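Asker: Predicted coordinates and the sequence they were generated for:
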Amino acid sequence: MDIYIPRLMYVLGCYLIGSVPFGLITAKAMGAGDIRKMGSGNIGATNVLRSAGKFGGAITLLLDALKGFIPLVVAKSWWGIGNWTLLMGFLAIVGHNYPIYLKFKGGKGVATSFGVLIALWPDIGLIILGLWIASVIIWRYSSLAALISFAVLPIIIILGEGSLHYFIFSIIVSVMIFYRHKDNIKRLLKGEEKKIGKKGTTMLIILIFILFMGNSAAFAGNLDYAPALPEDIYKLMDARRATILTGDKVSADRLLEDIISERYNHGMDRIDDVSALLVREGYQVLEKGNVEEALRLSNKAKEVSPSYAPSYYLASKSLFKKAEIMAALSEYLNGVTASLNDFWTLFNIAGRLYTVILIALTLTSVTILTVWLSRSLPILFHTFRELTTGFINKSLLPVFWGIIVIIPLIFGMGAFVLFWIVGSWLYLIRKERIIAISIAIFILILPQSLKYSSIYITGPENITLRGLLAVERGYGENSLIERLTDQYKSEPENKYLPLSIAYLKYKQGDYKGSLNYYMNVIKVSDGYINTMSLNNIGNAYFASGDYENAILYYKKAREDLPDSSIPVFNLSQAYREKLMFNDAEAAYEQAKKINPSDIGRYTTLATKGRGYRVIDFPIRKRDLWNASIASTNDSNILAENILGGIIKVPAERFPFLGISIFIVLIILSYFKPRTPMAYHCPECGHIVCSNCTGSRIYGTACKECRRKDAAIDKVAELDRRISFFLPGIWHIYKGKVGLGGIVSLIFFIGVIGLMLGKIDDTWYSAYYLTGKYYIPWSLLILLPYLIIIFHLKFINIRIKN
């Protein structure tokens, strides 16, 4: 029963979060009053849009979708997509439709349903969202668009997922949507339904695009890598699983020893899949109070994969339960060291952190530009007139208009719009030049940044990297060798491909094929890779019984890298096989002088299994990183697709766009417009400039309103009420771009990090102790609210003074 309590509490939490009436709160905060007494009386985004304006409608839509999206993303990461998670999504929608805070009289659940669908099935959710957007654009009826898209939902679910439970869930959601729209259906049939204005349509589409762009990028970022294992190890693992289910602990332990023995026989350095199963068993027995068994399993997991960090974390927690604090701390530090030493763990962590920050930066930049655009469309037209008449001479107007015509032709309309947004923004808010130029520079480097993010995302499909990872772990399947061989035909200059093929063929016993590929490596490489190849050629000759050639190549490797003990140790082994015991002993002693600890380990390994009579040179982390960050066709295509999703500009034109914006911003910085900057007066709502005696202080009441003793405190109170909706947006809207940008960036990092936080691969779990991945990201989500609280306190103190 105890395991159901957290889920029941979360179900209740989803309903309570879904019940929050953001439409009512937004409308009141915007000064529109009680939205239930206006328009259709609904608290949804469409009614707020008609009654409180496009900004209020957009914010309501955003928040209503998020209250379905964020709880379900977290629930999905904890429990997967099961019946409990579906119930949580359903209760979030029910909460919006029947909120407890408003006597169960709520909205119609469209935005919240979108949030739930995108969280559960990003691909299907985006299809439904696309249908809704297309329907809105064509007919401009929000209700009709919802009915069309959710009528199709069950069909897409059954075709895409094929699950009866998911199909039933989609039917229930669709029926609820239709039931809540029964009055709209009557008005549609009578031709009395109100349309959304064109401006409102555009604004809603922009906000929805921003909301879900991060999730689509995160959905593509599921990094995973599961190296294939030898068939006999798979069989032993399956047999052990079956034995554990029967409760036969003795047989399960015997099978585990067989797995460890096969690891040595195959010459494998680690089997993370087995260690992951042992760690999972360890946590299960630890929950039952069996600390000694958990500690034993952690030690076995470390023996199977010495560099698998969760094994050390399990040992740390077990020792902590025994009150052995220092030993627990030591094991935890060993786990941290293992994480730092394991390439794939670092690759996953670095890739996800990089992707999180890049998505957050992109969302922040797009948010700043979009919020400014949502507020300033009239101001931009006004400023455009001021730009052309304020400081541009009549003789330069033909050149000016020529540029306006040429830029869309060269860069496309998207670049043209972005160009003028940034240009007008700089003109309007001269104190924010640094931020404007920073965004221009970000645009300039965005293609390159996306390239590296796409490299991390497509990492598992990087054949060169997969080959080197197989070399690092000591095993690769036949299909991988075939793919490496095909890739080598198209990339003959790639030294890592023949190196991986040669090593894997050697492991399979194809010594002749291995020698051929190692010879190819020697032709195109030098330094460490060359030494590694010379040593491994000696190993191939050693394994085939040709000890004379083995000795020859071990000596070459020793001459190439005299500080390494590996070729010297292998030389001693070859001398023993030739019965040259004096030479063997001399070589062994020489190797001990170079590195006594390694030689002790090699000697131990040489007694375990068939794979360690001689030692292979290890792959360096530097070579793994070199292979991992090399651009591939997949990563280039993905980067271009992501870039095209952000703004419809070809990737190769982005550098020119960034340079042109950068130059224009610098030039505009030296002009001094004869008119003050234009803005919306917060009291009268008029566009304020020199023609209507405006103030140069952005965001305050205009001079006319101040003459009427306008209540500035009222404006401050409005700021306080609205600033908590989505951190940063209201600050940007009020012109505090620096504070708003920083707060938004921190908030987006937290949200995107939570979305990407838990993905089921064994190496990434090494980063988080006992799976509490959500703690740092949740703290980052809370941090912006703390910043806003302290900022508001500072404003209150300043107003009192």
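Answerer: Looks like it arrived, so ask away.

Asker: rest of the way, CA atoms for contacts and neighbours
Answerer: Noted.

Asker: quick one: S143 is in a strand?
Answerer: No. Applying DSSP: H, G, I helix; E, B strand; the rest coil, one finds S143 to be helix, outside a strand.

Asker: Tell me how many other residues surround it.
Answerer: 26 (other C-alpha atoms under 10 Å).

Asker: give the contact list for it.
Answerer: By C-alpha atoms under 8 Å, 6 or more residues apart in numbering, the residues touching S143 are 181, 184-185.

Asker: Secondary structure, distance to S113 and neighbour count added to the residues you listed, as CSV?
Answerer: Output for those, formatted as CSV (DSSP: H, G, I helix; E, B strand; the rest coil; distance: C-alpha to C-alpha, whole Å; neighbours: other C-alpha atoms under 10 Å):
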residue, secondary structure, distance to S113, neighbour count
H181, coil, 14, 20
N184, helix, 18, 21
I185, helix, 19, 18
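
Asker: and which of these is nearest to G160?
Answerer: H181 (26.4 Å; C-alpha to C-alpha).

Asker: these two touch, right, the closest one and K108?
Answerer: Yes. Proximity of H181 to K108 meets the contact threshold set by C-alpha atoms under 8 Å, at 6.9 Å.

Asker: what are the ranges of the strands in this protein?
Answerer: For the chain, the strands defined by DSSP state E cover 679-680, 687-688.

Asker: mean confidence score for the last one?
Answerer: Averaged across strand 687-688, pLDDT comes to 58.

Asker: For N348, see how far away the nearest residue to L346 once chain neighbours are set aside is.
Answerer: Nearest residue to L346 in three dimensions, chain neighbours excluded: L340, at 6.4 Å (C-alpha to C-alpha, 6 or more residues apart in numbering). Going from L340 to N348 by C-alpha to C-alpha, to the nearest Å gives 12 Å.

Asker: And these two? Which one has more around it.
Answerer: Using other C-alpha under 10 Å as the criterion, L340 and N348 rank with N348 on top: 23 against 16.

Asker: I'd guessed the more buried one sits against I457; true?
Answerer: No. The pair N348 / I457 is not scored as a contact, 9.1 Å apart, by C-alpha under 8 Å.

Asker: Measure how buried K194 is and give me the count.
Answerer: Count around K194 with other C-alpha under 10 Å applied: 15.

Asker: Next, the residue nearest to it when sequence neighbours are not counted: phi, psi?
Answerer: Computed as C-alpha to C-alpha, 6+ apart, the closest residue to K194 that is not its neighbour in sequence is Y141, at 7.1 Å. Torsion angles at Y141 (phi, psi; degrees, to the nearest 10) stand at phi -110, psi 110.

Asker: wait, doesn't Y313 sit right on S339?
Answerer: No. Between Y313 and S339 there is no contact under C-alpha under 8 Å: 10.6 Å.

Asker: Between the two, which has more neighbouring residues?
Answerer: The residue with more neighbours, out of Y313 and S339, is Y313; 26 against 23, by other C-alpha under 10 Å.

Asker: ok, that one to G56 distance?
Answerer: Y313 is 48 Å from G56, by C-alpha to C-alpha.

Asker: What of D253?
Answerer: Taking C-alpha to C-alpha, one finds D253 at 63 Å from G56.

Asker: So between these two, which is more surrounded?
Answerer: G56 (26 against 15).

Asker: The more buried one touches V48, doesn't it?
Answerer: Yes. Using C-alpha under 8 Å, G56 makes contact with V48 at a distance of 6.2 Å.

Asker: between the two, what contacts are shared?
Answerer: When contacts are counted by C-alpha under 8 Å, 6+ apart, G56 and V48 are jointly contacted by A27.

Asker: Outline the domain layout of this protein.
Answerer: Annotated domains of the chain cover 2-220, 231-341, 463-628 [automatic domain parsing].
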